[in-house]
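Colleague: how would this look folded up:
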Amino acid sequence: MESNQVLIGHYVATLENTACEIDFNFDHTGCITGAFQAATEKLEILGGIPNVYGEVFGLIRSKAGDTVAVFHALPQTNGLKLELDLPSEGDLMKMPCAETFLFQRSL
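Modeller: Presented below is the predicted three-dimensional model:
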């Protein structure tokens with residue numbers, strides 16, 4: 001698998017006692033797209049093009065199109081390291097208070 005495709009897949013984790021799932025895919029331009037689901041809430045993922053190490057930055061948005069979080073994703077041996085933060089005013093992608101979560105790849 002090419003290094004820029006290692007993020008593609010399905011991941012699971014438990015965050016604050018809530019089961020969470022992430023699905024990463026590519027759109028027609030090579031950017032990451034997908035879904036983030038926590039309990040019954042399903043959010044949209046929009047990201048950039050992964051770099052040569054497979055890492056990517058992006059947004060998590062509500063169905064109404066509001067950005068609810070920004071993320072930095074980096075592939076790990078058996079999963080994904082995901083840093084999440086609230087969007088910063090002025091510079092949406094600044095992540096001064098990011099929390100790190102580890103997701104496991106699911107088959």
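Colleague: Tally up the residues packed near A73, please.
Modeller: 25 (other C-beta atoms under 10 Å). (Glycine included, C-beta is placed from N, CA and C.)
Colleague: now it, which residues is it bridged with?
Modeller: Taking DSSP bridges as the rule, A73 bridges to V56, L82.
Colleague: can you pull the contacts of it?
Modeller: For A73, the contact set (C-beta atoms under 8 Å, 6 or more residues apart in numbering) comprises L7, F24, I32, G47, E55, V56, F57, G58, L80, K81, L82, E83.
Colleague: Kindly recompute the last result at 7 Å.
Modeller: A73 sits next to L7, E55, V56, L80, L82 when contact means C-beta atoms under 7 Å, 6 or more residues apart in numbering.
Colleague: Need the pLDDT of the last one.
Modeller: Right, L82. In the predicted model, L82 carries a pLDDT score of 94.
Colleague: again, but for the first one
Modeller: L7 is assigned a predicted lDDT (pLDDT) of 86.
Colleague: how deep is it tucked in, by neighbour count?
Modeller: Neighbour count for L7, taken as other C-beta under 10 Å: 23.
Colleague: Now do the contacts for the closest residue to it other than its chain neighbours.
Modeller: Leaving out its chain neighbours, the residue that sits closest to L7 by C-beta to C-beta, 6 or more residues apart in numbering is F24, at 4.9 Å. Counting by C-beta under 7 Å, 6+ apart, F24 touches L7, I8, G9, I32, G34.
Colleague: Got phi/psi on F24?
Modeller: Dihedral pair for F24: phi -110, psi 140, per degrees, to the nearest 10.
Colleague: ok, back up a step: which one of the contacts of A73 is nearest to S62?
Modeller: Of all those, L82 has the smallest distance to S62: 18.1 Å, by C-beta to C-beta.
Colleague: Roughly how far does that closest one sit from H28?
Modeller: According to C-beta to C-beta, to the nearest Å, L82 stands 24 Å off from H28.
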